[in-house]
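# give me a 3D structure for the following:
(2 chains)
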Amino acid sequence: MGSQLRVYKRRIRSITATKKITKAMEMISASRIVKAQRQVAASTPYSSELTRAVTAVATGSNTKHPLTTEAEAPTRAAVLLITSDRGLAGGYSANAIKAADRLTERLRSEGKDVRSYIVGRKGVAYFSFREREITQSWTGFTDRPTYADAKAVASALIEAFTTATSEDGVDELHIVFTEFVSMMTQAPVDHRLLPLSLDTVEEAQEKKSDEILPLYDFEPSAEGVLDALLPRYVESRIYNALLQSAASEHAARRRAMKSATDNAEELIKSLTRLANAARQADITQEISEIVGGANALADATAGSD
Amino acid sequence: MAELHVELVAADRKVWSGEATIVVARTTSGDIGVMPGHQPLLGVLESGPVTIRTTDGGTAVAAVHGGFISFADNKLSILAEVAELADEIDVERAERALERAKSDADAVAERRADVRLRAATGTH
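This is a model prediction of the structure:
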């Protein structure tokens, strides 16, 4: 066997092994997308009922609450960025990080100091490599977030928000995550989460129905209800963002692994062609050597006659 | 008989839904019973058991930890961060949790375990 052919054979073997791995990852991600989507669907009744309740309080009373009050001159903003813990998901984390960078630029140009809160190891690695300051980070749950994780994230952010700006608190809270539009499309989006603008809550509610909300009796009081309701609302929004990000992460990984598998197949095909050509070349050379040798022998015998 | 529609939802799933004649829950200002035709209501729930009397005469009990009760148009929704039906509760585990909470002097965990136990054993 020629050395050329041996090199080709070896490369084909190694690519076949890689292809097996990417194919397996593709299939794992495909099954996890379905699971993640089911989780999003399971959390929908809670979040829609909660939105309804918040709208009811907002329209039923003129209560002021720290979480809905705009700061007069906001000077500091927090950005919560949701990335993944693991790589091999194409541009998933990079796109979210880029969106967060754009938002940070915009907030800076408005004269606000920006604090970064990060979910996911990839975002943390990006920030620490560039030696940028991370105020707080959470890792280890991005592919399967639970409500408790969302609660932990939300409580830290709400605490920062309710602290006075002069005492190291923030005036605004933005969230950057990857929205799961469809199996093929996931887009990074940014929302302002706090201060909660009740108009946007109402809009979200109105989109679903035009029903008129009844006049509620509040137990214990409108303030008390709002006090308990708004942090839950923020938690549920963050939970929803985490779940959508998880679904997007799996979809992105499935797509990345599918194209990796396709590329490996393509590579194997072209390498097989090259290996065949090399084998053929070897054979041709051998034949011509034999023929040449035979001819030379024949000539030599003819000459000696 | 008049009936109301009940949806008991936790943050990550729907726990129970169906028709009922009365629902009793514990709000921060005391126990409240909601029957069909109640005035629209929005209340904050304490950690406690929620009792639902179904139209077929049965009773569903759930341990609910924090959340809201909202009633309008004969539709009652109970939103809880954590909610478990009595028959889903692992009594032994709850007992262990109660022991642990007592020894750690963790009042919140103790209350949670206590509510769970009482909902599971039906003594409330």
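
# and the residue of chain B nearest chain A?
Nearest residue of chain B to chain A: residue B:43, at 3.2 Å (CB to the nearest CB). For glycine as for every other residue, the C-beta is placed from the backbone atoms N, C-alpha and C.

# wasn't that residue part of a helix?
No. With the criterion set as DSSP: H, G, I helix; E, B strand; the rest coil, the secondary structure at residue B:43 is strand rather than a helix.

# quick check: closest non-adjacent residue to it.
For residue B:43, ignoring the flanking residues on the chain, the nearest one in space by CB to CB, 6 or more residues apart in numbering or on different chains is residue A:219 at 3.2 Å.

# what's around the one you found, how many residues?
20 (other CB atoms under 10 Å in any protein chain shown).

# wait, isn't it in contact with residue B:39?
No. Residue A:219 lies out of contact with residue B:39 (CB atoms under 8 Å); the separation is 10.7 Å.

# can you check the pLDDT for residue A:266?
With respect to pLDDT, residue A:266 scores 96.

# mind checking the SS state of the residue of chain B most remote from its centre?
Relative to the average C-alpha location in chain B, and by CA atoms, centre = their mean, no residue lies farther out than residue B:103, which sits at 26.2 Å. Here residue B:103 takes the helix state, with states given by three-state DSSP.

# what does residue B:119 give?
Applying three-state DSSP to residue B:119 yields a three-state assignment of helix.

# show me what contacts it?
Residue B:119 sits next to B:49, B:61-63, B:84, B:86, B:89 when contact means CB atoms under 8 Å, 6 or more residues apart in numbering or on different chains.

# so what's the backbone phi/psi at residue 20?
The chain I'm using is chain A. The phi and psi torsions at residue A:20 (degrees, to the nearest 10) take the values phi -60, psi -40.

# residues near it, how many?
Counted with other CB under 10 Å, the neighbours of residue A:20 add up to 12.

# which ones are touching it?
When contacts are counted by CB under 8 Å, 6+ apart, residue A:20 is found next to no other residue.

# measure stretch A:78-97 end to end?
15 Å (CA to CA, to the nearest Å).

# measure the residue most central in space within chain B to residue A:7 for me?
Residue closest to the average C-alpha location in chain B (CA atoms, centre = their mean): residue B:50, at 2.8 Å. As judged by CB to CB, to the nearest Å, residue B:50 and residue A:7 stand 71 Å apart.

# equivalent analysis for residue A:227, please.
Residue A:227 sits 71 Å away from residue A:7, going by CB to CB.

# about what we covered before: hang on, isn't the residue nearest to the centre of chain B packed against residue B:59?
No. With contact defined as CB under 8 Å, residue B:50 and residue B:59 do not form a contacting pair (10.9 Å).

# what parts of chain A come near chain B?
Taking CB under 8 Å from any CB of the partner chain as the measure of proximity, chain A contacts chain B at A:39, A:42-43, A:45-46, A:49-50, A:52-53, A:56-57, A:146-147, A:151, A:213-220, A:224-225, A:228-229, A:232, A:235-236, A:239.

# sort out for me which of those are in helices.
Secondary structure defined by DSSP state H assigns A:39, A:42-43, A:45-46, A:49-50, A:52-53, A:56-57, A:147, A:151, A:224-225, A:228-229, A:232, A:235-236, A:239 of the residues of chain A next to chain B to helices.

# circling back to that earlier point, partners of the host helix or strand of the residue nearest to the centre of chain B, with directions?
If you go by DSSP states H and E, residue B:50 is part of strand B:48-54. Taking DSSP bridges as the criterion, strand B:48-54 forms sheet pairs with strand B:13-27 (antiparallel), strand B:59-72 (antiparallel).

# what's downstream of the shortest one, the next helix or strand?
In the C-terminal direction, the helix or strand that comes right after strand B:59-72 (DSSP H and E) is strand B:75-85.

# would you map out the domains in the chain?
Since you didn't name a chain, this refers to chain A. Structurally, chain A divides into domains by automatic domain parsing as follows: A:3-26+A:258-304, A:30-254.

# you looked at the wrong chain, it should be chain B
Per the record, chain B has its domains at B:4-86, B:89-121, by automatic domain parsing.

# buried set for stretch B:74-88?
Under the neighbour-count criterion of 16 or more other CB atoms under 10 Å in any protein chain shown, stretch B:74-88 has B:76-86 buried.

# can you show me the helices along chain A?
A:3-60, A:92-109, A:121-129, A:147-162, A:198-208, A:222-304.

# what would those helices look like in CSV with distance to residue A:73?
Formatted as CSV, the entries for the helices of chain A read as follows, by distance: least, CB to CB, whole Å:
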stretch, distance to residue A:73
helix A:3-60, 25
helix A:92-109, 14
helix A:121-129, 28
helix A:147-162, 16
helix A:198-208, 21
helix A:222-304, 23
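
# least confident of those helices, on average?
Ranked by mean pLDDT, the helices of chain A end with helix A:198-208 in last place, scoring a mean of 60.
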